[in-house]
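Colleague: test case, fold it:
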Amino acid sequence: MPGIKKENVAGRFYPANAKEIEKLFFGYQVYWKNKIPEAESVGAIVAPHAGYEYSGRAAWLAWKVLQQGNFKTIAVLAPSHYYPLPGFAVPDFEYFATPLGNVPVHTKAVKELAKLPGAVHQNIFFEREHSLEVQLPFLKNMFPEANLIPVIMGKCTPEEAAAVLENLLSRESTGIVVSSDLSHFHKYEKTKKIDAETADYIEHYSYGQITGDRACGYVPLRGLLKSAEAKQMQAVRLALYNSGDETGNRERVVGYGAWAFAEGKEQ
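Modeller: Here you go, the predicted model:
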């Protein structure tokens, strides 16, 4: 196997120095003190993937809730931003590097996913992709011994995406992370309106309403919602805000949200 997938956006989307990352994470812990909900039987989360200065506190909270599951494997499903992808991609790496240490890939699970409809077993889709990479320092910090199932999704059908999610949700001691921001580059009030609608769609499993203009990770998000509804998982909103709340710039705004999905709950 080719070995280690090196960091691509360290020093841009998140610090390249381990101590700086840990300092940021401590700050998020202080921010969310006494506000971290208990999510019994949490099985999956949705976490944003912008630069940590914008969406880091929402992503940290989602990962902190997922940590209650004490998983041995974490599957991260992220959208393809840079290359056209007809289905979904899995890589041929043994490790993904982070400033906090390398994350081992669950190569057996990757090979099994590569047999599903729509699978592409190629590394190129991971080389530049930030939407998966920015999640990995959270993984290494919260689950230091866990291995990784990395998936990049392109133009999957809802059925193909759901098949991937169902495969992953059936795995013992495997937590699911769907990486997605919300609406992009509207003015502040319009962003709030669109994202509030999207949040309602997520919480009512209206996966057909989740489109690319509402969430860049709409493909894995649709797959999660389709599978979560079938399993009667409960969607718990953790955070909903936007870059205008963080920077004060309300002209060209990106939305961020975080959710947890708990297993075995009646809707």
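Colleague: what's the helix or strand bottoming out on mean pLDDT in the chain packed up against?
Modeller: In the chain, no helix or strand scores lower on mean pLDDT, DSSP states H and E than helix 158-169, which sits at a mean of 89. With contacts taken as 3 or more C-beta pairs under 8 Å, 6 or more residues apart in numbering; DSSP states H and E, helix 158-169 sits against strand 73-79, strand 88-90, helix 107-113, strand 147-153, strand 174-179, helix 218-230. For every residue, glycine as well, the C-beta is placed using N, CA and C.
Colleague: got the CA positions of the helix or strand following the longest one in PDB?
Modeller: Sequence-wise, the next helix or strand downstream of helix 218-230 (DSSP states H and E) is strand 234-242. As requested, C-alpha coordinates have been extracted for strand 234-242 and formatted as PDB (Å, rounded to 0.1, in the frame of the first residue of the first chain):
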ATOM      1  CA  GLN A 234     -33.300  10.300  17.100                       C
ATOM      2  CA  ALA A 235     -31.700  13.400  15.700                       C
ATOM      3  CA  VAL A 236     -30.500  15.800  18.400                       C
ATOM      4  CA  ARG A 237     -29.500  19.300  17.400                       C
ATOM      5  CA  LEU A 238     -26.300  20.400  19.100                       C
ATOM      6  CA  ALA A 239     -25.400  23.700  17.400                       C
ATOM      7  CA  LEU A 240     -26.600  26.000  14.600                       C
ATOM      8  CA  TYR A 241     -24.800  29.200  13.700                       C
ATOM      9  CA  ASN A 242     -22.900  30.800  10.900                       C
END
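Colleague: can you list the residues that contact strand 234-242?
Modeller: 37, 39, 45, 57-58, 61-62, 65, 182, 188, 191-192, 195-196, 199, 202-203, 205, 228, 253-262, 265, 267 (C-beta atoms under 8 Å, 6 or more residues apart in numbering).
Colleague: of the residues you listed, select the buried ones using a PyMOL command.
Modeller: To isolate the buried members of the contacts of strand 234-242 in PyMOL, using 16 or more other C-beta atoms under 10 Å:
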select buried, resi 39+45+57+58+61+62+65+182+188+191+192+195+199+202+205+228+253+254+255+256+257+258+259+260+261+262+265
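Colleague: among the contacts of strand 234-242, which are in strands?
Modeller: Counted as lying in strands by DSSP state E, out of the contacts of strand 234-242, are 45, 253-262.
Colleague: and the residue nearest the centre of this protein?
Modeller: Centroid-nearest residue in the chain: S179, 2.3 Å away (criterion: C-alpha atoms, centre = their mean).
Colleague: excluding chain neighbours, what is closest to that residue?
Modeller: Leaving aside its chain neighbours, S179 sits nearest to A78 (3.9 Å; criterion: C-beta to C-beta, 6 or more residues apart in numbering).
Colleague: measure that neighbour to H186 for me?
Modeller: 23 Å (C-beta to C-beta, to the nearest Å).
Colleague: so between those two, which is more surrounded?
Modeller: Remark: of A78 and H186, A78 carries more neighbours, 28 against 21, as counted by other C-beta atoms under 10 Å.
Colleague: T98 is nearest to which of the helices and strands packed on helix 158-169?
Modeller: With C-beta to C-beta as the criterion, T98 lies closest to strand 147-153 of the helices and strands packed on helix 158-169, at 10.3 Å.
Colleague: could you export that closest one as CSV, CA atoms only?
Modeller: The C-alpha trace of strand 147-153 is given here as CSV (Å, rounded to 0.1, in the frame of the first residue of the first chain):
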residue,chain,number,x,y,z
ASN,A,147,-8.9,3.4,13.4
LEU,A,148,-10.5,5.1,10.4
ILE,A,149,-12.9,4.2,7.6
PRO,A,150,-12.5,7.2,5.2
VAL,A,151,-15.1,7.8,2.5
ILE,A,152,-15.5,10.6,0.0
MET,A,153,-18.9,10.9,-1.7
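Colleague: what's that strand packed up against?
Modeller: Short answer (3+ C-beta pairs under 8 Å, 6+ apart): strand 147-153 packs on strand 73-79, strand 88-90, strand 103-104, helix 107-113, helix 124-127, helix 130-133, helix 158-169, helix 218-230.
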